[in-house]
Every structure is written in structure tokens, then in C-alpha cells.
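>>> got a predicted structure plus its sequence, pasted below:
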Amino acid sequence: MNLINVFSSVNSKEVLRYLPDAVFVADADGKIVWVNDKATIIFEAGKSLLKTYYIDDLIDGGMEVLEKSASRRVSVVAGAFTPNSKEFFVELNAKKYDSQFFITVRDVTAMTHVLTMAEKTGRLNKEKNTMIAKLSNDFKSPLQSITSFSQALMDGAAGALNDKQNKYVRIINKNAAEFSTFIDKFLEFSQAESSLNPPDFQTFDLISVIQSVIKSHENAFISKNIMINLDCDELRKRVIYSEESYLKTILSDIIETSIKLTDIGSINIRVINPDINTVKSRGLDVPMGAYDSSYVMITIKDSGMGLPEADLDGLFEPYVQLDKTNRKNFVRTLALGTANVLLRKINGIMWAESEVMKGTSFNVIIPIDKYEPQVNDDFEDFYSEEE
């Protein structure tokens, strides 16, 4: 099939209508033999001039990029040059037919700069969080000393205190304890965002993990007279493949939040295998061969005060909450932000539903099966109709 003959019978306006990117046809050596109008705009040269060039003249590593894109069926971002030596970035897709390449090119210079800055910012943020996590003891030790010594003073370790001294020491102890809680959650969030403690996927008993997390909060349930109920009757299999320590932290932070939102009443935990449509509707990528039992959904619903709609905005994003003045809400968001970060690392998702005076539901979905990597064919055969 001769691609030049194919395109010679197609109106150029129709080509532009259906192919808005720059289009090249090159022979086996990379010699350009056909271009569309968009190519002349992106590369700032006429068709006649462009057809005197080889792909290597316009694309950095031209033939290597073509072969990579064509053989792997993927788009490739590469440096590009106009005949006047102007440099920019393009996203290139290539298909090989007989001895010719069909190439589409899109200018992504602006997007490349954005992604480069985002990558740099993300790397610096991760390095910052790693540093903070490593310095956790330097943050916590002074606070622990303040809390311990102020408690000792209140207990009379240094003799009796007068009323004014006792009042001031209690204020110191209370503020130190609150600040210690904040630091704990801040450090936990920083460690979750850092490169420390990468996920270690293993097989484990899900119900045993949930029960151990419930047990760790037993004193809080008792002190607030909260009933805790676990319903896993609909779960088809309890042995799952995921990251156990991550899941413990995720559930612990959510349950801790539910306890703080509930003064009296109950917290119900329901564990099921959601249907695939529910999983897809939440934006998770479902691999080929997955079925309902490939995922687990954990719902933690309290009967507490509930959250107003305004508080749901940015509930899992601490950086969004920085301009808000309520410190308790920020600490809550740090805990839920940690859960959200860890969930993303194990390919899960979470969301909240709440109504004032009727309670809040926190929902978590995670994959629980081990899958081999799937080959993803991103592009269909462009010429399927014409062949």
C-alpha cells in the first residue's frame, strides 16, 4: 500500500478535520515524503522544504524514536527542531506499514514545562518529607519531656504547688499534649508522603487486621461509651494480597476520626466485595480478568455529629486546609490525608459521605488479588477501515 496515493485522494480540509495534529509520511530511511498543513505550522516551514528533510533532522533521535513508538505502540515525547533551529518538545506516535512510517506529531512544549516543574516540585516535596520523618525524634523528644515533667509537677514530685502554679502547669501540660498529638499526625503524614517505608505486599488475614485495629482503640470506645460492630458476613474471602502495615494505619486513622466525631452511639464497620461497576465508578483501573472478589470495600460508619458539606471539600488534602483556622479540623485532615496517601500507594481509593447530626461514612476500596502486568494496547490500528 502506497500511503502517498492514499492521501492524494483525500481532501486536505478533511485530513485537518480528522487529524488535527501534524502528520508526516516517511520512507524506511526516515526521508519525509508527505506532510499535512498542520506540520508546516508546527515546524514553521513549507511543505516543499520539509520534504527535503529526514526525520532525524527534525526530531532528536528521529529513527530511534520512530522504531520505539511503532514497535511498542506507545507515544514518545522527544525534542524537536524547526529548520530555523528553534527547539521545542513534541509527542510522537508512529505506525509502520510496509516500508513507510505514518507519523503524528503534537507540540507539547507548554505541557512538558508544566510536567517538568511538577516532577521537580514532587521530588523536592518527597525529599522534604523524608528529612522531616528522619528528624521525628528531634521533634518528639522535647515535647515528651515537657509533658512528662509538667505531669510530674502536677503529681507533686517537686512538692506542693500553690493554686496559681498548679493552674499554669496544667495549661503547659494540656497544650504540650495537644501539640504532641499534632506533631504525631504531621510526622505520620510526612512519612507517608516520603520515600521511606515503601510498600511490601504480602498475603494476610484481613479480618484479623481489622480486629487488631479495633482492639488498639478499645479504651477510646469505652471512655466514650461507643458500641463497635463488625459485619463481614458478605465477604467471600478474608485472605488478601496487599500491604498490611499500610492498611492498619489507614483503618486506624479513619476509626480514630470516627471516634472523635462521635460522642455517644455506635461505629459500624462493614466489609464486602463490591461489584466491578462500583469499582469502576470510583475511577479505579480494573485489570483484565478482575471480578467482584478481586476487590474489598470497607465502610466505617459512625452515628456522630456528621460533617457539613463545606468540611468535605479537601477532607483528605491537608494542603487544601492550610488556610483554615480550626486546628482540630486540620489534625483530622492530616490523619485522613495519611490514609489517602497510603491508599494511593496500594492502588486503592477512599471517599466520605456525611450528613449533619446523622453521622459520617468513610469508604475504602482496595484490590486484593495479585496480578501479572498486562500489556496495554493504547492505540487501535489507524488504517483498519482503509485496509
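Yes, it's here.

>>> measure stretch 291-306 end to end?
34 Å (C-alpha to C-alpha, to the nearest Å).

>>> list the buried ones in that stretch?
294-306 (16 or more other C-beta atoms under 10 Å). Bear in mind the C-beta positions are built from the backbone N, C-alpha and C, glycine included.

>>> would you map the helices across the stretch 201-350 of the chain?
Using DSSP state H, counting those that start in this stretch, the helices found in the stretch 201-350 of the chain span residues 206-216, 218-223, 244-261, 276-281, 309-312, 327-345.

>>> I'd like the ones you listed laid out as a markdown table, including distance to Lys174 and mean neighbour count.
Below are these laid out as a markdown table (distance: least, C-beta to C-beta, whole Å; neighbours: other C-beta atoms under 10 Å):
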| stretch | distance to Lys174 | mean neighbour count |
| --- | --- | --- |
| helix 206-216 | 24 | 16 |
| helix 218-223 | 17 | 11 |
| helix 244-261 | 17 | 21 |
| helix 276-281 | 44 | 14 |
| helix 309-312 | 25 | 12 |
| helix 327-345 | 13 | 20 |
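
>>> greatest separation within the buried residues of stretch 291-306: which pair is it?
Ser294 and Met305 (35.8 Å; C-beta to C-beta).

>>> and the buried residues of stretch 291-306 as a markdown table, adding distance to Pro318 and pLDDT?
Formatted as a markdown table, the buried residues of stretch 291-306 follow (distance: C-beta to C-beta, whole Å; pLDDT from 0 to 100):
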| residue | distance to Pro318 | pLDDT |
| --- | --- | --- |
| Ser294 | 31 | 92 |
| Tyr295 | 27 | 94 |
| Val296 | 26 | 96 |
| Met297 | 25 | 96 |
| Ile298 | 22 | 97 |
| Thr299 | 23 | 97 |
| Ile300 | 20 | 97 |
| Lys301 | 24 | 97 |
| Asp302 | 21 | 96 |
| Ser303 | 26 | 94 |
| Gly304 | 22 | 93 |
| Met305 | 21 | 90 |
| Gly306 | 21 | 92 |
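
>>> in strands, which of these appear?
295-302 (DSSP state E).

>>> what is the strand or helix carrying Gln144 packed up against?
Using DSSP states H and E, Gln144 sits in helix 136-154. Applying 3 or more C-beta pairs under 8 Å, 6 or more residues apart in numbering; DSSP states H and E, one finds that helix 136-154 contacts helix 163-193.

>>> tell me which residues in stretch 137-149 are buried?
Buried, per 16+ other C-beta under 10 Å, within stretch 137-149: 143, 146-147, 149.

>>> where in the stretch 51-200 of the chain is pLDDT low?
110-136 (pLDDT under 70).

>>> wait, what's in contact with the spatially closest residue to Ser212 that is not a sequence neighbour?
Excluding the flanking residues, the one nearest Ser212 by C-beta to C-beta, 6 or more residues apart in numbering is Lys248, at 7.2 Å. Contact partners of Lys248, counting by C-beta atoms under 8 Å, 6 or more residues apart in numbering, are 209, 212-213.

>>> I'd say Gln191 and Asp184 touch.
No - assessed by C-beta atoms under 8 Å, Gln191 is found out of contact with Asp184, at 10.8 Å.

>>> neighbour-wise, which of those two wins?
Gln191 (21 against 17; other C-beta atoms under 10 Å).

>>> quick one: stretch 156-172 to chain centroid distance?
48 Å (C-alpha atoms, centre = their mean, to the nearest Å).

>>> got the buried residues for that stretch?
So for stretch 156-172, counting by 16+ other C-beta under 10 Å, buried means 169, 172.

>>> sorry, back to before: how about the contacts of Lys248 in CSV, adding distance to Ile255 and pLDDT?
Listed next are the contacts of Lys248 as CSV, based on distance: C-beta to C-beta, whole Å; pLDDT from 0 to 100:
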residue, distance to Ile255, pLDDT
Val209, 12, 97
Ser212, 12, 97
Val213, 6, 97
